[in-house]
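> From the sequence below, what's the structure:
(2 chains)
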Amino acid sequence: MAKESFDQKVIDLWPLASLGGMVRGWVNQLGAITIFLFRALLMIFHPKQFPMMIQQVYYIGATSTTIVMLVALFTGMVLGLQLHHALAKFGSQGVLGTTIALSLVREMGPVLTAIMITARAGSSMATEVGIQRISEQIDALSTMHIDPVRYLVSPRLAASIISFPLLTAVFDLIGMVGGYITGVVLLGLNAGTYLHGIQSGLELEDITSGFVKAVVFSIIVSTICCFQGYFTHMRKDGYGAKAVGLSTTSAVVLSCVVILIADYVVTSFLL
Amino acid sequence: MENNALIEMKDVTKRLGGRTILDHVSLKIYQGQVTTIIGKSGTGKSVLLKHIIGLLRPDEGTILFNGKPIDKMIRREWDQYTSRISYMFQNNALFDSLTVFENVALPLQQTTRLGKREIERRVMARIEQTELAEVTRRHPSELSGGMQKRVALARALVTDPEIVLFDEPTTGQDVIRRNAILSMIAQYQKKLGFTAILISHEIPDVFFISNRIIIIDDGQIIFQGTPEELENFDHPFVDEFIQSLEGLQEHLTGLHSKRNFKVRYQSTLSRKHPHEKFIAATFSIDDLDVLGQNLGHRMTQQVIKALGEYINKHFGSVGGFSTRLGRDRFVTVLPFSDIAEAEHILKDFVDDLREHGLAAIGQDVQMPADSCFEFNISAGLAEGTSADEIESIIASAESQRKTIAQFQCPMRG
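You can find the predicted model right below:
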């Protein structure tokens, strides 16, 4: 008791101690999320996972295709418009195809796809798991001798690892079509120049690095979203439905921020 | 027996949010018994059950399973321990994105290597026993609260567990269904031999199926013993809480509650001369569990209800008063009748019950064309005086028991 009140005084009087407490909290959180991720990864290969994994691939992957295609199309079109305008200043419109392809495949494809899936499927992962937590469904799984991480998290993680690269590929392809529409159809660039630019500018390494990013982002999004939902009941800023809402918000915001940070880190390793 | 507790809690204390929920709780659960935990809302009953299944860990104290502390178990032992237990949650904890069938099948699909057909067979058996066959493809949100309870019950029993924890399994059910669920638990418990730990407020119905009662108040155990021992337990909690729940009448049959019956017995017979005789009649339904299996638990409760109502109707009109002694037993005291008159009333009662009471039930029963069932109702009469103990007169009447009515399936006529 005396020690507790001493600690309290230290925190109140010494801002650095407060900062230290926060950092310690973050480190604890990071440790917890890492353990959570490894538990989920280890259980991906459980024999009962396959049907649930297929369901999640359908939900995270297949049903996100339309929105990803729509975003990709307009991203490609805007890129085509902006880059054509910029390149025209140097008389280099001929490299439009290469520039669009490299921007999409190396950078914008993986990042925007991950952010789109976070908004669409990641938020629902956090909400679904969060509701299952507050309605004791996760406790029920434990009492039925079913590991909740294995049943709820592993299939989502596996499905994300499968879906993100595929959707990224779709994004890249449709983005290039968008660039074609603006550059060739609307602004009159030669179609052969555009397509040749893509073919000659892109190397296998570029495509691989884009997929590496997609896999990294898939792990980040599914882990953060499931983690936030899974530990909804531990939140100190809300209970019940409010806690589920806060968990969903945290899951989306945190995922987006970590995607951008991870993008920089992975890019610096890959370049 | 005192040394062979299957589960034992020793000085278990649990604090949640700065409040002491369990305060040095010590209790014993014995194998193959039905133990009922009674207590007011918020006194830690569910928390206590969650400690047994390992969803919560005590701040102080130990929980022993077969003499071994569960917190000292290695992973394999812990898995073995938890795989023997099933838990029915107070709020059901059903998976709202799964259908009724998928909810009940989930533990079998995820934890066993059974084939699809075998899982379907077991699940459908439980679904039919809980009278949910009509709603197998519906989702929990499309069902009434009572139906959701039955889905949770079916899921808890589908793995044939050795220990089942029921957290208020009858809440939100009508009186027939409530008794049907308790009857189902009692029947499965006898048939499968599992150890049942039950939280219930259905007094006295739950007493009929319980071997032991544990009362928890303000996080402390104030009583543990048999239902009979509870009758003689003198504590303000019994007066305030249990008697208020028990009421003056038994909910299902409308007969006097046991306590009210005793009061009536003492007040009526205290006015009689010590050697003046009266009659006690006992009634029972033979092989109630077999009947429950054949007829369904809901219809079985209708039979019990009809029997209780007919007893009340015939014997109440001549100054008799009755109570339910157990799941399948009733007693009536006829303070102003002799044996000849009692036999005459009994004959009228039998004719009326056979002609109207059971016939009406027979018309309601939906049985497959190729199956059949029958059941007997027995009765016994005994003379006593106010100087005798009521228990000995009842025992004497039960020893005179003979079949008075036989219900046969419509096929046999």
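
> Can you give the distance of stretch A:242-257 from its chain's centre?
Here stretch A:242-257 shows a centroid-to-chain-centroid distance of 13 Å under the convention CA atoms, centre = their mean, to the nearest Å.

> what do you get for stretch A:196-211?
That offset, for stretch A:196-211, works out to 22 Å (CA atoms, centre = their mean).

> list the buried ones in that stretch?
A:197-198, A:201-202, A:206-207, A:209-211 (16 or more other CB atoms under 10 Å in any protein chain shown). (C-beta placed from N, C-alpha, C; glycine too.)

> secondary structure element for the closest residue to A:Tyr180 other than its chain neighbours?
The shortest distance from A:Tyr180 to any residue other than its chain neighbours is 5.9 Å, reached at A:Tyr194 (CB to CB, 6 or more residues apart in numbering or on different chains). A:Tyr194 belongs to helix A:191-201 when assigned by DSSP states H and E.

> Tell me where the model's unsure across chain B.
Along chain B, segments meeting pLDDT under 70 span B:1-3, B:241-251, B:357-373, B:408-413.

> Kindly report the residues of it close to chain A.
B:50, B:53-55, B:79, B:82-83, B:85-87, B:89, B:91, B:93-97, B:106-107, B:109-111, B:155, B:159 (CB under 8 Å from any CB of the partner chain).

> which ones are touching B:Gly292?
Counting by CB atoms under 8 Å, 6 or more residues apart in numbering or on different chains, B:Gly292 makes contact with B:183-184, B:187, B:300.

> count of neighbours near B:Leu182?
Around B:Leu182 there are 28 other residues, counting by other CB atoms under 10 Å in any protein chain shown.

> Now for B:Leu381: which residues touch it?
By CB under 8 Å, 6+ apart, B:Leu381 lies in contact with B:279-281, B:339, B:342-343, B:346, B:397, B:400.

> I'd like those residues as TSV, with neighbour count and secondary structure appended.
Output for these, formatted as TSV (neighbours: other CB atoms under 10 Å in any protein chain shown; DSSP: H, G, I helix; E, B strand; the rest coil):
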residue	neighbour count	secondary structure
B:Ile279	26	strand
B:Ala280	26	strand
B:Ala281	26	strand
B:Ile339	13	helix
B:Ala342	22	helix
B:Glu343	13	helix
B:Leu346	21	helix
B:Ala397	22	helix
B:Gln400	13	coil
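
> which of these lies closest to chain A?
Relative to chain A, the closest of the contacts of B:Leu381 is B:Ala397; by CB to the nearest CB it sits at 45.6 Å.

> partners of the nearest residue to the closest one once chain neighbours are set aside in the sheet?
Leaving aside its sequence neighbours, B:Ala397 sits nearest to B:Ala382 (CB to CB, 6+ apart; 3.7 Å). For B:Ala382, the beta-bridge partners are B:Ala280 (DSSP bridges).

> In chain A, which helix is the longest?
Across chain A, the longest stretch assigned as helix under DSSP state H is helix A:240-270.

> Determine how far it lies from the middle of the whole chain.
The answer for helix A:240-270 is 7 Å, by CA atoms, centre = their mean.

> contacting residues for residue 104?
Because you didn't say which chain, this covers chain A. When contacts are counted by CB under 8 Å, 6+ apart, A:Leu104 touches A:72, A:75-76, A:79, A:171-172, A:175-176, A:179.

> sorry, should have said chain B
Neighbours of B:Val104 in contact, by CB under 8 Å, 6+ apart: B:123, B:126-127, B:151, B:154-155, B:158.

> Could you say which of those residues is surrounded by the most neighbours?
Going by other CB under 10 Å, B:Arg155 tops the contacts of B:Val104 with 30 neighbours.

> List phi and psi for that residue.
phi -70, psi -40 (degrees, to the nearest 10).

> check which helix or strand covers the residue nearest to it when sequence neighbours are not counted.
Nearest residue to B:Arg155 in three dimensions, chain neighbours excluded: B:Val104, at 4.9 Å (CB to CB, 6+ apart). Element membership for B:Val104, per DSSP H and E: helix B:100-111.

> residues contacting residue 139?
Unless you meant another one, I'm taking chain A. Per CB under 8 Å, 6+ apart, neighbours of A:Asp139: B:50, B:55, B:89, B:93.

> I was after chain B.
Counting by CB under 8 Å, 6+ apart, B:His139 touches B:96-100.
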